[in-house]
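1. Quick check, what structure comes out for this input:
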Amino acid sequence: MFVFHERWGSPTGKDGKVGTEEEWDLAEKLWDAKKIRNIVLFFKAVDPTKLADPGKQLEKVLAFRKSVEEGKRYLFHAYERLDEFRDRLDGHLARWLDDHERPGSGLSASPLADGGSPAPSIHDPGHAFWIAEARSARKQPSLALYFAERAIATARSDIEWSDARNLFGVAKAELGIADEAIAAFDEVVERLAHITGPNAQHEVARALFNKGGTLNELGRHVEAIAIYDDIVARFGTATEATLREGVARALVNKGQVLRKLDRAAGAINVCDEVVTRFGTATEATLREGVAKALVNKGVALEHLDRGAEAIDIYDDVVTRFGTATEAPLRERVARALVNKGFALESLDRAAEAIDVYDDVVARFGTATEAALRELVAMALVNKGISCRNLGRTAEALAACEDVVARIAEAPEHPIREEVARARRLAEEVRRMTAAKGGGA
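-> As a prediction, this is how the structure comes out:
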């Protein structure tokens, strides 16, 4: 698909061609080799006053358009408004999907159309298509918003509408349009609040959770806590898996918000509630919630200078989940161990802290997940600090060098920060040993 308006582009340095020309040449080769089904071009209408003196950029666009019109090989459309572009594009995408999903359909050329022909007569792909696209585009909120709007328009039931409306709200929140996001979540709750079916309750819980998260991001922490309390009040005795998961997530988030508000004691109580409710659960998502709550409780205890109790909590995480293979639980175990090392250092038990950091490396040193690599790097840097504090400078330098050797080329910013910490620490240790007149 190619879209043109008034500019042709800038040369890329290859034969003086612009990038679009290079892509066009490649598209034609693929078309001729029957490796793509069709080529579609869109030309946005140009202000008529510019046609008298178009300039070099627009001249090239107009010349290209004329060649396409005369060649009659490819689909092309002129449009003035965004909705025209959208409707025609939807038709082409629907046909593409239909061709790909039809068993045995070969690589056939689509019917040609001139600039004045109607849009392809294709059925709308329907709600299931748009909702799936909205979910898959979550990391591109503008695109997700568009797909969610189409899913809303094609919804055939309250549940389908609510599912799409929730995704619409999430996209709005990620785009920073918080008031519209909150309004969308409120609409879901209002529309489904009196429907007792599990699907409706799931959508209500999801909308409330999303609203709580949006309020939290806005710094409206007290309101967020009220929303999480509402989830627990509505669904705290539910037996359905999705609702139990929603309650656990709401409680975990409430505990994190309480910590932000320096209400550590309240955060600890909420963490205890998570463990009481779900500590024996076997579902992966609930086990993850319990692990997260326990780690959060340990952090809250440290905030209250109750380091020894925090260490017991971190040990509990390792006892419960130390052999787990699920990535989220492995990350919680690694974080619990790193935090335990911190707590031991704060209690002047540096030698024990070093043993804990070694345990992190032994357990997760070959992990490929970015979160675990970051925690391994953090453990090694902290080991270096503990060794330095104990005068074990050779071990401190070895730990720093291990960090650089393992992950110096990692692209992730948090990991690169640990590499920078390791290098700074190594330089500090070298200066210390030089000042003492010895070698590390």
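2. Torsion angles phi and psi at the residue sitting nearest the centre point of the chain?
-> Central residue of the chain (Cα atoms, centre = their mean): residue 139, 5.6 Å from the mean position. The phi and psi values for residue 139, taken as degrees, to the nearest 10, are phi -80, psi 0.
3. quick one: contacts for it?
-> With contact set as Cβ atoms under 8 Å, 6 or more residues apart in numbering, residue 139 has no partners. Bear in mind the C-beta positions are built from the backbone N, C-alpha and C, glycine included.
4. How much space separates it from residue 174?
-> Using Cβ to Cβ, to the nearest Å, we find residue 139 at a distance of 9 Å from residue 174.
5. what do you get for residue 151?
-> Here residue 151 is placed at a distance of 17 Å from residue 174 (Cβ to Cβ).
6. Helices along the stretch 151-300 of the chain, start to end?
-> 158-174, 178-192, 198-217, 221-235, 241-260, 264-278, 284-303 (DSSP state H, counting those that start in this stretch).
7. again with the stretch 301-440 of the chain
-> Taking DSSP H, counting those that start in this stretch as the test, the helices found in the stretch 301-440 of the chain are 307-321, 327-346, 350-364, 370-389, 393-407, 413-435.
8. And the residue nearest to the centre of the chain, how close does it get to residue 361?
-> To residue 361, residue 139 is 32 Å away according to Cβ to Cβ.
9. just residue 50 next, same as before
-> Relative to residue 361, and taking Cβ to Cβ, residue 50 is found at 65 Å.
10. one step back: ok, residue 151 and residue 174, which is more surrounded?
-> More crowded of residue 151 and residue 174, by other Cβ atoms under 10 Å: residue 151, with 26 against 18.
11. quick one: the more buried one and residue 166 touch, right?
-> No: under the criterion of Cβ atoms under 8 Å, residue 151 is not in contact with residue 166, lying 10.3 Å apart.
12. And the residue lying closest to residue 335 once chain neighbours are set aside, what's its pLDDT?
-> Distances taken as Cβ to Cβ, 6 or more residues apart in numbering place residue 295 nearest to residue 335, at 5.7 Å, with adjacent residues excluded. We have a pLDDT of 97 for residue 295.
13. Helix or strand next in line after the worst-scoring helix or strand of the chain on mean pLDDT, which one?
-> Scoring the helices and strands of the chain by mean pLDDT, DSSP states H and E places helix 82-101 at the bottom, with a mean of 73. The element immediately downstream of helix 82-101 (helix or strand, assigned by DSSP states H and E) is helix 127-136.
14. what's that next one in contact with?
-> Around helix 127-136, the neighbours that count as contacts under Cβ under 8 Å, 6+ apart are 94, 97, 144, 147-148, 150-151, 154-156, 160, 163-164, 167, 171.
15. could you dump it to PDB, C-alpha only?
-> The C-alpha trace of helix 127-136 is given here as PDB (Å, rounded to 0.1, in the frame of the first residue of the first chain):
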ATOM      1  CA  HIS A 127     -16.200  -7.800  15.600                       C
ATOM      2  CA  ALA A 128     -13.900 -10.800  16.200                       C
ATOM      3  CA  PHE A 129     -11.400  -9.500  13.600                       C
ATOM      4  CA  TRP A 130     -11.400  -6.000  15.000                       C
ATOM      5  CA  ILE A 131     -11.100  -7.000  18.700                       C
ATOM      6  CA  ALA A 132      -8.200  -9.400  17.900                       C
ATOM      7  CA  GLU A 133      -6.400  -6.600  16.100                       C
ATOM      8  CA  ALA A 134      -7.000  -4.200  19.000                       C
ATOM      9  CA  ARG A 135      -5.500  -6.700  21.400                       C
ATOM     10  CA  SER A 136      -2.500  -7.400  19.100                       C
END
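16. Would you mark the buried spots in it?
-> Residues of helix 127-136 classed as buried by neighbour count (16 or more other Cβ atoms under 10 Å): 127, 129-131, 133-134.
17. Check stretch 253-267 too.
-> Under the neighbour-count criterion of 16+ other Cβ under 10 Å, stretch 253-267 has 253-259, 263-264, 266-267 buried.
18. what distance separates the start and the end of that stretch?
-> Taking Cα to Cα, to the nearest Å, stretch 253-267 runs 10 Å from one end to the other.
19. average model confidence for that stretch?
-> The pLDDT scores in stretch 253-267 average 95.
20. before we move on, what about stretch 163-181?
-> 95.
21. how far does that stretch sit from the chain's center?
-> On the basis of Cα atoms, centre = their mean, to the nearest Å, stretch 163-181 is displaced by 15 Å from the centre of the chain it belongs to.
22. residues making contact with it?
-> Under Cβ under 8 Å, 6+ apart, the answer for stretch 163-181 is 127, 130-131, 134-135, 138, 141-142, 144-145, 147-149, 151-152, 155, 182-185, 187-188, 203, 206-207, 210-211, 213-214, 217-218.
23. who has more neighbours, residue 50 and residue 361?
-> Higher neighbour count among residue 50 and residue 361: residue 361, with 19 against 11, using other Cβ under 10 Å.
24. from what I can see the more buried one touches residue 377, true?
-> No: in this structure, residue 361 is not within contact of residue 377 by Cβ under 8 Å, at 9.7 Å.
25. Quick check: residue 41 is in a helix.
-> No: Residue 41 is assigned strand when assessed by DSSP: H, G, I helix; E, B strand; the rest coil, not a helix.
26. burial measure for it, as a count.
-> Residue 41 has 20 neighbouring residues, counting by other Cβ under 10 Å.
27. Give me the nearest residue to residue 412, chain neighbours excluded.
-> Of all residues not flanking residue 412 in the chain, residue 370 sits nearest, at 4.9 Å (Cβ to Cβ, 6+ apart).
28. any idea how far the one you found is from residue 275?
-> 28 Å.
29. okay, these two: which has more neighbours?
-> Neighbours around residue 370 and residue 275, counted as other Cβ under 10 Å, are more numerous at residue 275. The numbers are 19 against 15.
30. For the more buried one, report the pLDDT, please.
-> Note on residue 275: pLDDT of 97.
31. cool, and residue 108?
-> pLDDT, residue 108: 38.
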